[in-house]
Every structure is written in C-alpha cells, then in structure tokens.
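Q: Sequence and computational prediction follow.
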Amino acid sequence: MKITQNHEDGLAVVKVEGRLDASSSTEAQKDLEHILDAESTRLLINLSGLEYISSAGLRVLLVVAKKMQQKGGKIVLAALTPNVKEVFEISGFSAIFKIFDSVEESKAFLQG
C-alpha cells in the first residue's frame, strides 16, 4: 500500500494505492490521521489505484471520516475501481460517504 498527498487551495488530496487490508490498515490509519492533524478541513481521497479493500480498510476510512466530521470538515472519495466500488455498495458504505466518479468532480464539490 502506498499513500501520497498534496495540498491544493486548502484542500488535502490523498491517493491510496495497492491493498488496504489488515496488514496495511494500521499504517494507513496513522498516515491519514497525520494528514487530518494538519489544518485542512477538506479531504479528497483518490482511490483510483486501490486494488482491494477489506473490512479493516473500511474501518480506517470510517475512523478518518468521523474525525473529519468532528473537525467540522468534509471528506469525499473519488474514482473507486469496480472491485472497491462493489465492496462499498455491498457493505453499505456507499451511503456513508460522498463518492464521485472522478477527482475533478470531487474537487468541484469540495470547492463549491
């Protein structure tokens, strides 16, 4: 698993690649919480490079979303691969998160 980030106009853009499962969830949670500790209150998580997500990975995203909500911020997910999108739909997480087909749509929502 690989997490990269950049900041654009007060918007934190994070890209998660590889597998987000039990073996990588602890590291991913630390990385994402570190990003949340920064001043940004808008977080876009680009999942276009995520090949697989397990229940442990879903839990990480849920924890991050709750922490962002406590800050009064917004979090959106973008560009889910078909496999990952199916997991979100089956688990009901597609109703919890704002999910967009593209990074551009996500940015427009967060900046609007």
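A: Yep, it's here.
Q: tell me the centre residue of the chain?
A: Nearest to the mean C-alpha position of the chain, by CA atoms, centre = their mean, lies I45 at 3.5 Å.
Q: For that one, give me its contacts.
A: Neighbouring residues of I45 by CB atoms under 8 Å, 6 or more residues apart in numbering: V14, K15, V16, L61, I75, V76, L77, A78. All C-beta atoms are positioned from the backbone trio N, CA, C, and that covers glycine.
Q: List the buried residues of the helix or strand where it lies.
A: Using DSSP states H and E, I45 falls within strand 42-53. For strand 42-53, a neighbour-count test (16 or more other CB atoms under 10 Å) marks R42, L43, L44, I45, N46, L47, L50, I53 as buried.
Q: Likewise for stretch 25-44?
A: S25, A28, Q29, D31, L32, I35, L36, S40, T41, R42, L43, L44.
Q: hang on, the earlier thing: need the buried residues of strand 42-53 in CSV with distance to A95 and pLDDT, can you?
A: Shown next, in CSV, are the buried residues of strand 42-53 (distance: CB to CB, whole Å; pLDDT from 0 to 100):
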residue, distance to A95, pLDDT
R42, 21, 91
L43, 19, 93
L44, 19, 95
I45, 17, 96
N46, 21, 97
L47, 17, 98
L50, 19, 97
I53, 16, 97
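Q: now for those residues, which pair is the farthest apart?
A: Farthest apart among those by CB to CB are R42 and I53. That separation is 22.3 Å.
Q: Any regions of the protein where pLDDT drops low?
A: The model of the chain has pLDDT under 70 over residues 39.
Q: In it, which helix is the longest?
A: helix 55-70 (DSSP state H).
Q: got the residue ranges for the helices in this protein?
A: Counting by DSSP H, the helices of the chain are 25-37, 55-70, 82-91, 103-111.
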